[in-house]
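Q: Below are the sequence and a predicted model; questions follow.
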Amino acid sequence: MIFWVFKRFLQAIVIILLMTVVVFIGLHLIGNPADILIGPDTDQRDREAIIQQLGLNLPLWQQYGRFLLSALHGDLGYSYVYNQPALELVLQRLPATLELAFAALIIAIVIGVPLGLVSGLHPNSKWSHIIMTGSILGFSLPTFWVGLMLIMAFSVSLGWLPAGGRGTTVTVLGMQWSFLTANGLYHMILPALNLALFKMSLVIRLTHAGVQEVLPLDYIKFARAKGLSSSRIIGVHVLRNLMIPLVTVIGLELGVTIAGAVVTESIFSWPGAGKLILDSINNLDRPVILAYLILIVCVFVTINFLVDVTYRLIDPRVRKEQSA
């Protein structure tokens, strides 16, 4: 187990290093931040002084080396636009993205698993056809279009829910959270629902397929022959086997949800890290882009590690294979 953890840690370091190299090269090819940050009226002497101050006059490999050396000391640079430490700026916005992603995932699980069970247990029923058709729509409809329709329906037409903003927040552990207030939860409903739609469809189809795969197996037939109730068979035998693929996919989808919340945050004016990275890309704010991507990669690596550990705990076959 210790060797496995150490191996995963080394893999994580390699992944983060490769990501920083790719991003550095990509940002260099996109353009020079000086063209955006320095006004056209600035004279040549001041322009060269600013470029030298930012280190943009150095060769790319030297810029990367300086960044890597600073990163080892926990310094990911200062934002060109906000003039704040890039990592601190991203961490200030990250709680908003995290609570939105977790809310979306909870909605997807709470709604998706029961609907998938109903569809899988009664595949030829009218409700099964409606649920599976709805899941196809959830996959097909663009997130930005669904978000706009939700705003038009529930904010503009009905006036039930706010169209944007984060609502009232409270400070816990030095970070702002909105899910701890009623007003914050009120503002979270529409963006979380919009972000959850694709994940909900995925959970429905995974659960449906899992139920259809498990029901014909011998141990389910044996459980029925023993006279166990349907609720016990579903709750103990069917759901337990469904948890293995669901935990894996949902865990990975959490990272995708955090990284992919950019569109939802932009539509609903949700002040999270996704909206920050979008603004930073438009301004070629390299330190913020790098800090955000490094943080997201660390989140992905951590989630993958937790998924692997959970997978080992749920499925004893994995433990036996790895110990053999």
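A: Everything's here; your move.
Q: mind listing what Gly77 touches?
A: For Gly77, the contact set (C-beta atoms under 8 Å, 6 or more residues apart in numbering) comprises 67, 70, 85-86, 286-287, 290-291. C-betas here are computed from N, CA, C, even on glycine.
Q: Is it possible to get CSV of these that adds secondary structure, distance to Leu17 and pLDDT?
A: Formatted as CSV, the contacts of Gly77 follow (DSSP: H, G, I helix; E, B strand; the rest coil; distance: C-beta to C-beta, whole Å; pLDDT from 0 to 100):
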residue, secondary structure, distance to Leu17, pLDDT
Phe67, helix, 11, 77
Ser70, helix, 15, 77
Pro85, strand, 21, 85
Ala86, helix, 18, 84
Arg286, helix, 17, 78
Pro287, helix, 17, 81
Leu290, helix, 12, 82
Ala291, helix, 15, 84
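Q: Return the per-residue confidence for the nearest residue to Val238 once chain neighbours are set aside.
A: Spatially, and ignoring its direct neighbours in sequence, Val238 is nearest to Val214 (5.3 Å; C-beta to C-beta, 6 or more residues apart in numbering). Val214 carries a pLDDT score of 77 in this model.
Q: Verify the contact between Val214 and Met243 for me.
A: No - between Val214 and Met243 there is no contact, the gap being 11.2 Å when judged by C-beta atoms under 8 Å.
Q: Helix or strand: which one has the closest residue to Tyr82 other than its chain neighbours?
A: With C-beta to C-beta, 6+ apart as the criterion, Tyr82 has its nearest non-adjacent residue at 5.8 Å, and that residue is Leu89. Secondary-structure element containing Leu89, defined by DSSP states H and E: helix 86-121.
Q: With Phe179 instead?
A: Here Phe179 is assigned to no helix or strand, by DSSP H and E.
Q: ok, the nearest residue to it once chain neighbours are set aside - how many residues close by?
A: Of all residues not flanking Phe179 in the chain, Glu99 sits nearest, at 4.8 Å (C-beta to C-beta, 6+ apart). Residues within reach of Glu99, counting by other C-beta atoms under 10 Å, total 24.
Q: now Glu99: how far from Ala261?
A: 11 Å (C-beta to C-beta, to the nearest Å).
Q: can you check Thr20 too?
A: In terms of C-beta to C-beta, Thr20 sits 22 Å off from Ala261.
Q: so where's the stretch 201-324 of the chain uncertain?
A: 219, 228, 236, 311-324 (pLDDT under 70).
Q: repeat that for 50
A: 324 (pLDDT under 50).
Q: what ranges do the helices span in it?
A: 218-225, 230-232, 239-259, 262-267, 273-282, 286-314, 316-323 (DSSP state H, counting those that start in this stretch).
Q: TSV for those helices, including mean neighbour count and distance to Ser79?
A: Below are these laid out as TSV (neighbours: other C-beta atoms under 10 Å; distance: least, C-beta to C-beta, whole Å):
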stretch	mean neighbour count	distance to Ser79
helix 218-225	12	57
helix 230-232	10	55
helix 239-259	18	20
helix 262-267	21	18
helix 273-282	20	8
helix 286-314	19	5
helix 316-323	10	43
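Q: Ok, which of those comes nearest Phe24?
A: helix 286-314 (7.6 Å; C-beta to C-beta).
Q: How far off centre is the closest one?
A: 10 Å (C-alpha atoms, centre = their mean, to the nearest Å).
Q: what's the answer for stretch 181-193, then?
A: That offset, for stretch 181-193, works out to 18 Å (C-alpha atoms, centre = their mean).
Q: With stretch 148-156 instead?
A: Counting by C-alpha atoms, centre = their mean, stretch 148-156 comes out at 24 Å from the chain centroid.
Q: if we can go back for a sec, tilt between the helix holding Leu89 and helix 273-282?
A: 130 degrees (axes from the mean of the first three to the mean of the last three C-alpha atoms, to 10 degrees).
Q: rewinding a little: can you tell me which of the helices of the stretch 201-324 of the chain comes nearest to Gly210?
A: It's helix 239-259; of the helices of the stretch 201-324 of the chain, that one is closest to Gly210 (C-beta to C-beta) at 4.2 Å.
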